[in-house]
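>>> What follows is a predicted structure for the sequence shown.
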Amino acid sequence: MLHGRPGQVPRNSSRTQSWSWNQKILQRNIHLNSTLFSFPKTFFRETNHKNMTERTPLTSSLHTDKTLKPTSLDRNNNAFLNDDDAPFQTEEEEDEYIRLVSPDKCLICPITQEIFTDPVVAADGHTYERSAILRWFQLGRSRSPVTNALLKMDERDGSSDTVRSNLAVLGLANRHKEIRGRDLLGKCRSVQIKRAPPRDAGARIRALVDAAADLTLRDYGNAGSVDGNVGKTAMWLLIEGMQLELARELFYAGAVVSFPNDQAADSVSYTKNSKKNPSCIGAVEKIISSVSITLKEKMEWKKFLESLRNREDDEKLARKEKERTREEANEA
């Protein structure tokens, strides 16, 4: 057995013996270090089955990003961040799903308690929604909404010069909305295909809407279908799935009806010569003309159709006003 430390020269030995001895010590230490501390990225469990060795990867249950990675409960239950609509077994399970899909606290404005759409950093170093913090200062409040620290006059004059945009938080907020929006599209697509209400009574759809899912995203479905080139929103898919109550909830949450620069998804493009009206409005008109629904259901769909038409008109006016403002700014 070798004794001593690397670099220590034994008594009564020549330089050659000392160098050889040190080399053996160094090789032994390298072997021990590689054995104890050099783990592979993926651990394996050896399983003997019929005299055959099977290597099964073991994945770690540790993760820090709750927005993108499901927990072990997700993988075992298969009822969380996927398209499964199995009913929740307990209230704790539903609360866990809501927690997983909700935005992080850093993406929530301390004043409005809603996800950021135009985040800015104030003099106190905290991020707020621009309109909310400017309104805060315009009301004459002299303290920070978070720290309650007294701010200087030039830091709270209520002008846009007292705050600066937080592009990093804006990117994270938009990313969260997109992820949740795609989750919502998947679940609404499942409803549309099944033509039946989800087994969880729409609990996951409501949770995603409350989690600020982007309602403007569109699902293009099968490109080979007749209307596969027309992107359908989550509300559109729910309408085709005959789910009026869920479609109403998305409508009241701010879902769009018409789209700029997309004639195929605008009901104005519908003419007498057209066989179809590829839009949310056209989908409702098709349901109303169906003979498979009761008179009461037909009346409810007609009320919803009127609401859709009114919003479509409001969206067109808003787009025209926005275009006019842009033209005036370019001419100035």
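Here it is on my side, so go on.
>>> where exactly do the helices run in this protein?
For the chain, the helices defined by DSSP state H cover 15-37, 72-77, 91-101, 130-138, 167-194, 203-210, 234-240, 244-252, 280-288, 295-331.
>>> Low-confidence stretches in this structure?
Along the chain, segments meeting pLDDT under 70 span 1-83, 153-161, 221-230, 260-277.
>>> out of the helices of the chain, which comes closest to residue 124?
Distances from residue 124 to each of the helices of the chain were compared using CB to CB; the shortest belongs to helix 130-138, at 9.7 Å. Any C-beta I mention is one placed from the backbone N, CA and C, and that applies to glycine too.
>>> deepest of the helices of the chain, which one?
Ranked by average neighbour count under the criterion mean count of other CB atoms under 10 Å, the helices of the chain are headed by helix 234-240 at a mean of 28.
>>> just to revisit the earlier point, would you list the helices of the chain in a markdown table and tack on distance to residue 118?
Listed next are these as a markdown table, based on distance: least, CB to CB, whole Å:
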| stretch | distance to residue 118 |
| --- | --- |
| helix 15-37 | 48 |
| helix 72-77 | 33 |
| helix 91-101 | 23 |
| helix 130-138 | 4 |
| helix 167-194 | 7 |
| helix 203-210 | 21 |
| helix 234-240 | 24 |
| helix 244-252 | 23 |
| helix 280-288 | 28 |
| helix 295-331 | 16 |
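>>> and of those helices, who's closest to residue 152?
Taking CB to CB, helix 130-138 is the member of those nearest to residue 152, at 11.6 Å.
>>> Packing partners of the closest one?
Contacts of helix 130-138 with other secondary structure elements, assessed using 3 or more CB pairs under 8 Å, 6 or more residues apart in numbering; DSSP states H and E, are made with strand 119-121.
>>> What are the structural domain limits within this structure?
Following automatic domain parsing, one finds the domains of the chain at 105-165, 169-331.
>>> For residue 87, find the nearest of those.
The closest approach between residue 87 and any of those, judged by CB to CB, belongs to domain 169-331 at 4.8 Å.
>>> Grab the nearest non-local neighbour of residue 248.
The spatially closest residue to residue 248, leaving aside those adjacent along the chain, is residue 304, at 6.5 Å (CB to CB, 6 or more residues apart in numbering).
>>> right, so of the helices of the chain, which gets closest to residue 113?
Once the helices of the chain are compared by CB to CB, helix 130-138 is nearest, at 9.8 Å.
>>> Could you tell me which residues make contact with the residue nearest to residue 248?
244, 247, 248, 251, 284 (CB atoms under 8 Å, 6 or more residues apart in numbering).
>>> ok, it to residue 314 distance?
Between residue 304 and residue 314 the distance, using CB to CB, to the nearest Å, works out to 16 Å.
>>> Check residue 142 too.
From residue 142 over to residue 314 (counting by CB to CB), the distance is 39 Å.
>>> Repeat that for residue 279.
Applying CB to CB, one obtains 15 Å for the distance of residue 279 from residue 314.
>>> ok, now which ones touch residue 177?
The contact partners of residue 177, taken as CB under 8 Å, 6+ apart, are 115, 212, 213, 214.
>>> Nearest to residue 84 among those?
residue 213 (17.3 Å).
>>> Could you check what's spatially nearest to the closest one, not counting adjacent residues?
Across the structure, with CB to CB, 6+ apart as the measure, the residue nearest residue 213 apart from its sequence neighbours is residue 180 (3.7 Å).
>>> I figured that neighbour hits residue 210, correct?
No - judged on CB atoms under 8 Å, residue 180 makes no contact with residue 210 at a distance of 9.7 Å.
>>> Any idea what the closest residue to residue 109 other than its chain neighbours is bridged to?
What sits nearest to residue 109 in space, not counting adjacent residues and going by CB to CB, 6+ apart, is residue 129, at 4.1 Å. Per DSSP bridges, residues listed as beta-bridge partners of residue 129: residue 119.
>>> who are the neighbours in contact with residue 129?
Neighbour list for residue 129: 109, 111, 112, 114, 116, 117, 118, 119, 120 [criterion: CB under 8 Å, 6+ apart].
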